[in-house]
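Trainee: Fold the following for me, if possible:
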Amino acid sequence: MMSRRGADRPDEPRVLLVGSSGGHLTQLLALEPWWGQHERGWVTFDTPDATNALADEPKVWWAFHPTTRNVRNLLRNSRLAVSVMRTFRPTSVVSTGAAVALPFFILGRLMGARTVYIEVYDRIETPTLTGRLCRPFTDLMLVQWPEQAALYDDAIVVGPLL
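Mentor: Take a look at the predicted model:
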């Protein structure tokens with residue numbers, strides 16, 4: 001059987017989890033009951049907390065940082081996204097941000113992967129910049145607080161991850 005978005009994609013989920021290190025990564029790690037049952041890969045920053053948390057994961061790609069207003073690293077992460085998306089071929093791209101997510105969401109959409117953005121738990125009254133940038137490329141927008149649902153059309157409240 002084939003997936004709904006791409007005729008050459010197997011039904012077996014292959015999840016790419018993309019996020020900055022620190023709190024963004026911590027929120028993705030909290031989803032282990034879900035991602036733990038799927039083939040997966042990770043994209044994050046090569047920081048002590050991330051290398052420790054992902055030490056047992058077989059597929060990890062280290063992104064370039066800082067990402068905020070850094071065009072050079074945006075370009076470098078875009079090249080990384082092309083490489084990762086071509087070799088890993090995820091069926092889903094999931095992110096809690098931050099800026100490292102954007103090139104993976106754009107390419108994910110172009111390559112037929114489902115894209116899922118989870119707005120971070122600590123931004124309740126205003127959307128994050130990454131949330132706004134990724135939204136046009138997002139198939140499923142999830143938020144952690146009811147107040148965040150008003151920030152994005154069609155957002156689904158999933159509750160706090162932490």
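Trainee: pLDDT weak spots in the protein?
Mentor: For the chain, residues meeting the criterion pLDDT under 70 lie at 1-10.
Trainee: ranges for the helices of it?
Mentor: Using DSSP state H, the helices of the chain run over residues 23-29, 32-35, 48-53, 71-88, 101-110, 129-134, 146-149.
Trainee: Gly159: which of these is closest?
Mentor: Proximity to Gly159 (CB to CB) singles out helix 146-149 among these, at 9.3 Å. Just so you know, the C-beta spots here come from the backbone N, C-alpha and C atoms, and that holds for glycine as well.
Trainee: Return the distance of that closest one from the chain's centre.
Mentor: How far helix 146-149 lies from its chain's middle: 20 Å, per CA atoms, centre = their mean, to the nearest Å.
Trainee: Equivalent analysis for stretch 150-162, please.
Mentor: Counting by CA atoms, centre = their mean, stretch 150-162 is centred 15 Å from the centre of its parent chain.
Trainee: what's the first-to-last distance across it?
Mentor: One end of stretch 150-162 sits 21 Å from the other (CA to CA, to the nearest Å).
Trainee: Same question for stretch 117-125.
Mentor: Note: stretch 117-125 ends 17 Å apart using CA to CA.
Trainee: Tell me which of the helices of the chain sits most buried.
Mentor: Comparing the helices of the chain by mean neighbour count (mean count of other CB atoms under 10 Å), helix 101-110 comes out on top with a mean of 23.
Trainee: Alpha carbons of that one, as CSV, please.
Mentor: Extracted in CSV, the C-alpha atoms of helix 101-110 (Å, rounded to 0.1, in the frame of the first residue of the first chain):
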residue,chain,number,x,y,z
ALA,A,101,12.5,23.7,11.0
LEU,A,102,11.7,26.0,8.1
PRO,A,103,13.9,24.4,5.3
PHE,A,104,12.7,20.9,6.4
PHE,A,105,9.1,21.9,6.3
ILE,A,106,9.5,23.5,2.8
LEU,A,107,11.2,20.4,1.4
GLY,A,108,9.0,18.1,3.3
ARG,A,109,5.9,19.6,1.6
LEU,A,110,7.6,19.5,-1.8
